[in-house]
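Enquirer: Please find the sequence and the predicted model below.
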Amino acid sequence: MRGDFKTRKAPQRPPWALAEELFGAACSRCGDCLPVCPTRIIVLGRGYPEVDFKRGECTFCGACAAACKDGALLRTTDQAAPWAIKAQIAASCLPRHGVECRICGDHCLVAAIRFSPRLGGPPLAEVDPASCTGCGACVAPCPVTAISLADAI
Ligand code: SF4
Ligand code: SF4
Ligand code: SF4
């Protein structure tokens with residue numbers, strides 16, 4: 001099982017997770033981080049915790065890291081960044097196909113999704129990576145599943 005951590009694409013781990021190989025070595029699969037998550041976005045995948053943004057968003061409450069006795073989720077300071085992921089919008093986004101939609105923007109608490117007016121079609125949704133916290137609140141509401149979270153390139 002642990003060899004998988006070197007080869008397969010890593011699932012999205014909970015916030016403040018160690019780098020993937022270190023996480024695989026440290027996490028004992030106790031599951032303690034799952035029930036403490038207020039939005040229930042932490043699920044088990046192959047026995048290890050991962051985040052499923054289709055279930056909701058991360059509030060960055062820190063409960064998962066506080067519950068992790070193994071140090072696999074390690075919040076070293078209150079200011080430590082939880083992760084580096086940002087929202088990314090795929091080509092299936094409705095305004096790119098002439099359909100007005102601002103649903104994701106309505107769910108973004110930090111207004112990281114901007115809608116720039118343009119000629120000849122509805123405003124296009126664009127993520128401001130500097131503002132996006134990677135909370136995932138925009139993922140589930142999108143009617144065409146156009147939003148994913150990934151490390152900014
Ligand atoms: S920080 Fe809080 S909301 Fe986010 S995954 Fe951990 S327990 Fe859940
Ligand atoms: S909710 Fe989805 S389809 Fe609508 S603007 Fe946002 S990314 Fe595009
Ligand atoms: S991931 Fe969160 S902060 Fe980023 S655009 Fe979506 S709702 Fe806004």
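Expert: Looks like it arrived, so ask away. Numbers count the residues shown, from 1 in each chain. Ligands and ions are numbered 1, 2, ... in the order given.
Enquirer: Which residues of this protein lie near ligand 2?
Expert: 89, 93-95, 101-104, 125, 142, 144, 146-147 (Cβ under 6 Å from any ligand atom). Just so you know, the C-beta spots here come from the backbone N, C-alpha and C atoms, and that holds for glycine as well.
Enquirer: Would you mind listing which of the residues you listed are buried?
Expert: Ile89, Cys93, Leu94, Pro95, Cys101, Cys104, Ala125, Cys142, Ala146, Ile147 (16 or more other Cβ atoms under 10 Å).
Enquirer: what's the following helix or strand after the longest helix seen in the chain?
Expert: Assignment by DSSP state H gives helix 20-26 as the longest helix of the chain. Using DSSP states H and E, the helix or strand that follows helix 20-26 towards the C-terminus is strand 42-45.
Enquirer: From the contact counts, what lies against that following strand?
Expert: strand 48-51 (3 or more Cβ pairs under 8 Å, 6 or more residues apart in numbering; DSSP states H and E).
Enquirer: May I have the longest helix of the chain exported as CSV, CA atoms only?
Expert: Output of helix 20-26 as CSV, limited to C-alpha atoms (Å, rounded to 0.1, in the frame of the first residue of the first chain):
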residue,chain,number,x,y,z
GLU,A,20,2.6,13.1,0.1
GLU,A,21,5.3,10.5,0.8
LEU,A,22,5.8,11.8,4.3
PHE,A,23,2.1,11.8,4.8
GLY,A,24,1.9,8.1,3.8
ALA,A,25,4.6,7.2,6.3
ALA,A,26,3.1,9.3,9.1
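Enquirer: List the buried residues for it?
Expert: Glu20, Phe23, Gly24.
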